[in-house]
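Undergrad: Just a sequence and a predicted model for now, questions to come.
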Amino acid sequence: MDPELINDCVHCGFCLPTCPTYVLWGEEMDSPRGRIHLMRQHVEGTPLTDEMAGHFDACLGCMACVTACPSGVRYDRLIEQTRAEVEREHVREPGDRALRELVFQLFPYPRRLRAMRLPLRLSAGLRRRIAPRLERINPSLAAMADLAPESAGRPRLPRRVRAIGRRRAVVGMLTGCVQGEFFPQVNAATARVLAMEGCEVVIPPSQGCCGALSLHSGRPEQAGRFARRTVAAFERAGVDTVVVNAAGCGSTMKEYAEILDGEWAERARAIRTVDLAEYLVELGPVARRHPLPLTVAYHDACHLAHAQGVRSQPRALLTAIPGLELREIAESAICCGSAGTYNLFQPEAARELGERKAERVLATGADLLVSANPGCTMQITSAIRRAGTAPIRVAHTAQVLDASLRGTERIA
Amino acid sequence: MALNELVRRVAGVLPAGAVITDPVRLRTYECDGLTHHRVVPGVVVLPESAEQIAAVVRLCNEYGVPFVARGAGTGLSGGALPRTDGVLIVTSKMRRILRVDLENRRAVVEPGVTNLAITEAVREHGYYYAPDPSSQQVCTIGGNVAENSGGAHCLKYGFTVNHVLALEIVTPDGDIVTLDADDPGYDLLGAFVGSEGTLGITTGVTVRLSRTPETVTTLLAAFENIEQGGQAVSAIIGGGIVPAAIEMMDALAIAAAEAAVACGYPAGAGAVLIVELDGPEAEVAHQFAEVERLCRDSGAFELRTAAGPQERAAIWKGRKSAFAAVGRISPAYIVQDGVVPRTALPNVLASIDRLSAEHGIRVANVFHAGDGNLHPLVLFDDAEPGAEERAGLVSGRILDLCIEHGGSITGEHGVGVDKSRYMPKMFTDDDLDTMQLVRCAFDPRGLSNPGKVFPTPRLCGEVPGVRRGVHPLVESGRAEQF
């Protein structure tokens, strides 16, 4: 925990109303200002107590406070450093430790995740029956089972997708772990949209996890390993721009130059990471937009809006589709509670936030919920399902664009 | 000992988890927005209702333990500074808007509701809550009542006291009472608003809702120097125009805001003036032309008019984030708050400049120019030995300047713990004694936020009731004793 970064906080409190846990509980130590105060206490010699670790663990890492902070406090860096410190110094309960080990040995590895998909792909009826029992045994496991989407068939992506029409650019594409395994149709749509907009898309099969999950959970060594491997994979693919369609992955890859050292930092700097919506707006449209008569509620993923500052681009892309009406979700800057692994490790708080978000999403009366992060999509769908109201359809920005560009109303 | 016993009893009247005693957690409450005063509270409680607050206060009375109220902890005078021997009562869980009554233009809210949340709740119906402190998205209405908070638009619309219709309070002896603006007799509501927690704790606020003006026009005028800006302010007010707001920022404050929020103010400006006019369209249009002319005549080299709400927000963003934004250009700073007669502005600013040069301490100026409310930001590096002392000296000298020019030591941040020592400079002993009469009428045992506003050791025990001899006000014939 860098004391310099801690000292940037002037204790003004502008972060308070934007912090999901402060919104829930209204307690200083579960606000960004309070957590920075705890970091300061620790740096000044107070041992890392269970209470302290609990408040750090309760932070979603949504970075809404970074957006709100007028003093430019790098809370993102601070919480990353703090989580690493917690992992080093804090002794967790055996159950908690085992769960964390399971998650970190599973999620960042697409192949293992694929193996897990089968048991998780339970029928809705069975899921409902085991849910209460699982809830009693371990709320986190219940959350995991609850969040797993009933996944569609997995279209295989080729190594290279040719541009349609005049080739305007060559870009790499990150397939991600959860995105790739649970939402393969999003990756397929992303590749098609890029191709229809004149991009040749290179999809190196050797790519793995980008390291986001590890970085956001205090495992910088694992994150560094994944980061170097990702950089190398795209170097070999010969691209200098990588398009990412998952918010959490994009924000981490944009930080590579900061988390890696020396030569690797240089190599990371040579590859530009860009979010799909950001890139498409920058590139400008060439493909024709067919009408989609839809009312859409757009959900700001924290790692897109707060961490990458990408807010206007997805909205611009959606509103450019004829017939599509965009509706804003109240409290759009407050996290849905997904936050990477948060809904697994802090299921109660995540559930409350999920319900709060679901309520506001449903209040828009939209036909379709659009979000640019797989975690958010799973979290909000599952909250809506628990609310017992009619389910709302969900899609990624890429899928909506893909439908419009292909001239079909069916969102794949 | 009394505190330990009290903590045990308090846990019995509050929900589970509402009593904080863990030392690490307690320390996060050691200061509010003014960080150079720090005291770890004896215990923190997070009540959820007026009844719970009253129960805690009654227990405090039973054990003779002092208590301090806190909202979001954004105050800038240390008004919510805790006591090691006391209870910190935090209202951050009491944030429900209880009732909105548009027909009667009022809303009833709990004390922990943020200032901006009130406006957000009624905006779609064409109403808003007028006082707008720069921290409005964070600061709570309970704190606004305690501090009689202002904001940029108070020039035209007045302070919190002008927008509070009734209060539910817990008195320092633990009774729940209502103070209503319509009550006949003494204006106790008026006395309570701005009492900085020394007369009790606000547990419910009935606020006045104002109609959103038909038109709002915002002008950003850039001047080469602060004198020209000041001249424009005098010309506008002198011309009989009452803008909703007139705000000024000097070059250093502009640089900070630019670094923080890229507000895009005109390059090379020595001062910018933000003038906002609101009201019926025809009136605003007429006055706006006049304001533009007066700014030009005073030397404005660039005028920008906000075309819509977004551009207006962009203009205000620089101003509203200015305090925290100086964190970008200085490791540490003191936010000062003082008032001078508007006509004395150029003089006082020139003196501040001299002070700044003399002590090698940079001062950025942000102020509500329309009513002479200065907010000098005194910048220093806390790592540099002696810098903090010099900054403190400059900051204090600025208050002396305010007093010398017939102004006040605070415009809106309150006296708190930070400025209590300046009270005797501004008031005579007789004045302070009279204020104590009020204080003791509400809080005879001195348990409600003791040590704030008034310099120690001026405590209730020494004043009226047990006062020996005739009160000086009576003696001088300025008051009568019944």
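TA: Nice, I can see it.
Undergrad: Please make it C-alpha for all contacts and neighbour counts, starting now.
TA: OK.
Undergrad: if I read this right, B:Ile254 contacts B:Ala267, doesn't it?
TA: No - if you go by CA atoms under 8 Å, B:Ile254 and B:Ala267 don't touch, sitting 9.6 Å apart.
Undergrad: who has more neighbours, these two?
TA: Per other CA atoms under 10 Å in any protein chain shown, whichever of B:Ile254 and B:Ala267 has more neighbours is B:Ile254, with 31 against 11.
Undergrad: next SSE after the one helix or strand that one maps to?
TA: Using DSSP states H and E, B:Ile254 sits within helix B:251-261. As assigned by DSSP H and E, the chain's next helix or strand after helix B:251-261 is strand B:271-279.
Undergrad: Tell me which strands that next one pairs with, and in which orientation.
TA: Sheet neighbours of strand B:271-279, with direction, are listed as strand B:215-223 (antiparallel), strand B:245-250 (antiparallel) (DSSP bridges).
Undergrad: Need the CA coordinates for that strand. PDB is fine.
TA: Output of strand B:271-279 as PDB, limited to C-alpha atoms (Å, rounded to 0.1, in the frame of the first residue of the first chain):
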ATOM      1  CA  ALA B 271     -10.000  35.200 -12.800                       C
ATOM      2  CA  VAL B 272     -13.200  33.700 -14.000                       C
ATOM      3  CA  LEU B 273     -16.700  34.800 -12.900                       C
ATOM      4  CA  ILE B 274     -19.700  32.500 -13.100                       C
ATOM      5  CA  VAL B 275     -22.900  34.400 -13.200                       C
ATOM      6  CA  GLU B 276     -26.200  32.500 -13.200                       C
ATOM      7  CA  LEU B 277     -29.500  34.200 -13.700                       C
ATOM      8  CA  ASP B 278     -32.800  32.500 -13.300                       C
ATOM      9  CA  GLY B 279     -36.500  33.300 -13.400                       C
END
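Undergrad: What parts of the stretch 51-200 of chain A come near chain B?
TA: Within the stretch 51-200 of chain A, the residues that sit near chain B (CA under 8 Å from any CA of the partner chain) are A:51-52, A:70-72.
Undergrad: In strands, which of the residues you listed appear?
TA: The strands, defined by DSSP state E, take in nothing from these.
Undergrad: coming back round to it: of the strands paired with strand B:271-279, which is nearest B:Asn162?
TA: B:Asn162 lies closest to strand B:245-250 among the strands paired with strand B:271-279, at 16.4 Å (CA to CA).
Undergrad: Mean neighbour count, the strands paired with strand B:271-279: which tops it?
TA: Among those, strand B:245-250 has the highest mean neighbour count (mean count of other CA atoms under 10 Å in any protein chain shown), at a mean of 26.
Undergrad: Closest to the centroid, which residue in chain B?
TA: Of all residues in chain B, the one closest to the mean position by CA atoms, centre = their mean is B:His413, 3.2 Å from it.
Undergrad: Surely that residue and B:Ser77 touch.
TA: Yes - applying CA under 8 Å, one finds B:His413 in contact with B:Ser77, separated by 6.0 Å.
Undergrad: Relative to A:Ala297, how far out is A:Ala358?
TA: 11 Å (CA to CA, to the nearest Å).
Undergrad: Greatest separation within the residues of the stretch 51-200 of chain A next to chain B: which pair is it?
TA: The span of those, defined through CA to CA, is set by A:Glu51 and A:Pro70 at 28.4 Å.
Undergrad: quick one, which of those two is more surrounded?
TA: A:Pro70 (28 against 15).
Undergrad: how close does the more buried one sit to B:Leu393?
TA: As defined by CA to CA, A:Pro70 lies at a distance of 27 Å from B:Leu393.
Undergrad: Check A:Asn373 too.
TA: Using CA to CA, we find A:Asn373 at a distance of 53 Å from B:Leu393.
Undergrad: who's more crowded, the two?
TA: Shown here are A:Asn373 and B:Leu393; by other CA under 10 Å, A:Asn373 has more neighbours (27 against 15).
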